[in-house]
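Asker: Pasting a predicted model and its sequence here:
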Amino acid sequence: MGSFSYVAYEDSGRKRKGFIDAADADAAVESMASRGLHVLEIKESTQNAEAKTNLNGKVSRGDLALFTRRLADLARAGLPLDRALMVAGEQSENPTLTAITEAAILDVRAGLPISEALGKYPKLFPVIFTMTLKAGEASGQFPQVAGRLAEFQQMEVRRRSQIVAALVYPAILGMTAIMVIGFMMFFVVPKLSGVFDKLGKDLPLSTVILMNTSGFVFRNVIPIFAVIAIIVVVYRSFVSTKEGQLVRDRLLLNMPLVGKIVSKAVVSRYARVLGTLMYGGVPILESLRIAGAAAGNRVFEVSSNLVQNEVREGRRLGEAMRETGAFTTILVQMVSVGEETGDLPEMLGRVSETLDFEVDTALQKLMTMVEPLIVLTMGTFVGFVVLSILLPVYQAQDLIK
């Protein structure tokens with residue numbers, strides 16, 4: 001099996017370049033001819049390693065959302081799906097996405113649906129992506145379903161950006177506080193310890209505490225970092241198991257102040273994923289399974305599986321959610337209304353929008369509390385250090401007088 005670079009033309013006259021793996025050049029020409037490509041030039045290539053590397057690269061959420069939006073718009077404009085996929089891939093600024101699109105186009109022109117062609121790369125295209133497109137292909141509403149999927153992805157990117165933006169300033173303050181404290185404990189205080197010891201006078205209690213703490217940290221810096229590293233390794237090993245993830249997520253949901261925000265954010269994502277899948281025509285049981293896995297919280301995934309089992313036995317979705325006790329009241333009520341009106345995807349979307357607003361408001365309030373707290377903590381420590389240093393100096397001056 002060799003790798004060949006080619007230059008070919010489509011029936012429309014559009015020129016295409018790429019790589020193909022085949023037993024020999026004749027087999028490569030025959031394979032491309034079966035896909036509607038007329039080969040102009042073909043030769044054995046040693047440069048396909050870069051193309052294969054691109055297939056294993058990374059695609060950001062923003063790039064994928066933009067790609068989906070372009071694909072939906074092109075399909076809605078009336079372009080054939082293979083042509084829409086090709087143009088969307090060419091317009092992408094991500095080389096990995098472009099390389100994958102070029103490979104998928106060949107599969108699509110060979111008769112494979114877009115969802116299956118892109119589904120060959122599960123690390124880049126999640127299950128919700130391929131399942132939603134598959135449902136859109138089956139229902140004959142690919143442009144509408146792809147557009148809804150693009151809206152979902154853009155909302156996810158916007159939500160993540162908002163959270164990151166809200167945490168940037170507190171994170172900078174926190175890192176600054178840690179750096180200031182570390183600098184004083186490792187560099188400033190140890191140098192002053194010798195000076196104070198020479199004073200030969202009883203030091204103030206605050207100075208003694210500061211010196212002893214700094215000395216302990218300075219003498220045991222390696223064991224301290226070793227203990228921290230062991231704790232991190234043990235924690236990562238623990239949360240790599242399903243039981244550990246369940247314990248971690250349950251503790252996270254029960255944390256004061258933060259727990260309610262996390263719960264609403266998880267339910268919002270769950271509702272958005274579930275609504276997107278159901279709008280696309282994915283069966284309810286499969287939608288519940290995928291939404292539970294995509295929620296990002298093991299507690300809700302377990303609860304979603306319980307709901308799935310209840311719905312499989314004939315229970316209404318709203319009733320099954322209410323019995324688990326994990327889902328918010330607004331979600332349960334809106335799901336019940338959606339079942340009665342027959343517009344469940346729309347109700348799920350509204351729930352997601354409402355919870356997003358509540359999360360934004362609560363997050364802003366929390367950051368308003370955290371930022372002054374960090375500044376106050378850093379100021380208190382710096383003031384304590386300065387006071388502990390100045391008191392012995394004043395005592396020495398009094399002694400000299």
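Answerer: Received the coordinates, thanks.

Asker: Mind checking the pLDDT average for the helix or strand where residue 351 lies?
Answerer: Using DSSP states H and E, residue 351 sits in helix 344-400. For helix 344-400, the mean per-residue pLDDT is 82.

Asker: what helices or strands is that helix leaning on?
Answerer: Applying 3 or more CB pairs under 8 Å, 6 or more residues apart in numbering; DSSP states H and E, we find helix 344-400 packed against helix 142-183, helix 189-197, helix 205-219, helix 258-280, helix 329-341. Just so you know, the C-beta spots here come from the backbone N, C-alpha and C atoms, and that holds for glycine as well.

Asker: Need the ones you listed in JSON lines (columns: mean neighbour count).
Answerer: What follows is the helices and strands packed on helix 344-400, written out as JSON lines (neighbours: other CB atoms under 10 Å):
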{"stretch": "helix 142-183", "mean neighbour count": "16"}
{"stretch": "helix 189-197", "mean neighbour count": "15"}
{"stretch": "helix 205-219", "mean neighbour count": "15"}
{"stretch": "helix 258-280", "mean neighbour count": "23"}
{"stretch": "helix 329-341", "mean neighbour count": "17"}
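
Asker: Tell me which of the ones you listed approaches residue 300 most closely.
Answerer: Evaluated over these, closeness to residue 300 peaks at helix 258-280, with 5.5 Å, by CB to CB.

Asker: so after that closest one, what's the next helix or strand?
Answerer: Assigned by DSSP H and E, the successor of helix 258-280 is helix 284-294.

Asker: do you know how far the residue most central in space within the chain is from residue 244?
Answerer: Taking CA atoms, centre = their mean, the centroid of the chain lies closest to residue 160, which sits 7.4 Å from it. Distance of residue 160 to residue 244, computed by CB to CB, to the nearest Å: 24 Å.

Asker: repeat for residue 159
Answerer: Residue 159 is 26 Å from residue 244, by CB to CB.

Asker: And residue 334, by the same measure?
Answerer: Residue 334 is 33 Å from residue 244, by CB to CB.

Asker: How about residue 100?
Answerer: The gap separating residue 100 from residue 244 is 34 Å, by CB to CB.

Asker: Kindly report the same for residue 188.
Answerer: Distance from residue 188 to residue 244, by CB to CB: 40 Å.

Asker: What of residue 207?
Answerer: As judged by CB to CB, residue 207 and residue 244 stand 44 Å apart.

Asker: Then residue 26?
Answerer: 55 Å.

Asker: and if you look at residue 114?
Answerer: 38 Å.

Asker: now do residue 113
Answerer: Relative to residue 244, residue 113 is positioned 38 Å away (CB to CB).

Asker: what about those two, which has more around it?
Answerer: Each of residue 113 and residue 244 has its neighbours counted (other CB atoms under 10 Å); residue 113 has more, 18 against 15.

Asker: OK, contacts around the more buried one?
Answerer: Residue 113 makes contact with 133, 134, 137, according to CB atoms under 8 Å, 6 or more residues apart in numbering.

Asker: Check it and give its pLDDT.
Answerer: For residue 113, the predicted pLDDT is 88.

Asker: Can you tell me how far it is from residue 65?
Answerer: The value you get for residue 113 to residue 65, if CB to CB is used, is 21 Å.

Asker: Can you give me the distance of residue 286 to residue 211?
Answerer: Distance of residue 286 to residue 211, given as CB to CB: 64 Å.

Asker: Low-confidence ranges, the stretch 101-250 of the chain, go.
Answerer: 197-201 (pLDDT under 70).

Asker: quick one, domains of this protein?
Answerer: Using automatic domain parsing, the domains assigned to the chain come out as 2-46, 58-153, 165-401.

Asker: out of these, deepest packed?
Answerer: Burial of the domains of the chain is given as mean neighbour count (mean count of other CB atoms under 10 Å); domain 58-153 ranks first at a mean of 19.

Asker: what helix or strand does the closest residue to residue 109 other than its chain neighbours sit in?
Answerer: In space, and not counting its chain neighbours, residue 109 is closest to residue 35: 4.6 Å by CB to CB, 6 or more residues apart in numbering. Residue 35 is part of no helix or strand when elements are defined by DSSP H and E.

Asker: go on, residue 252?
Answerer: Judged by DSSP H and E, residue 252 forms part of helix 242-253.

Asker: Restricting to C-alpha, output that helix in CSV.
Answerer: Extracted C-alpha coordinates of helix 242-253, given in CSV (Å, rounded to 0.1, in the frame of the first residue of the first chain):
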residue,chain,number,x,y,z
LYS,A,242,-16.5,6.2,37.7
GLU,A,243,-16.9,5.9,41.5
GLY,A,244,-14.4,8.7,42.0
GLN,A,245,-16.1,11.0,39.5
LEU,A,246,-19.4,10.4,41.2
VAL,A,247,-18.0,11.4,44.6
ARG,A,248,-16.3,14.4,43.1
ASP,A,249,-19.3,15.7,41.2
ARG,A,250,-21.6,15.1,44.2
LEU,A,251,-19.3,17.1,46.5
LEU,A,252,-19.1,19.8,43.8
LEU,A,253,-22.9,20.1,43.7
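
Asker: how close does the residue nearest to residue 186 when sequence neighbours are not counted sit to residue 385?
Answerer: Once flanking residues are discounted, residue 186 sits nearest to residue 218: 6.4 Å by CB to CB, 6+ apart. Residue 218 sits 15 Å away from residue 385, going by CB to CB.
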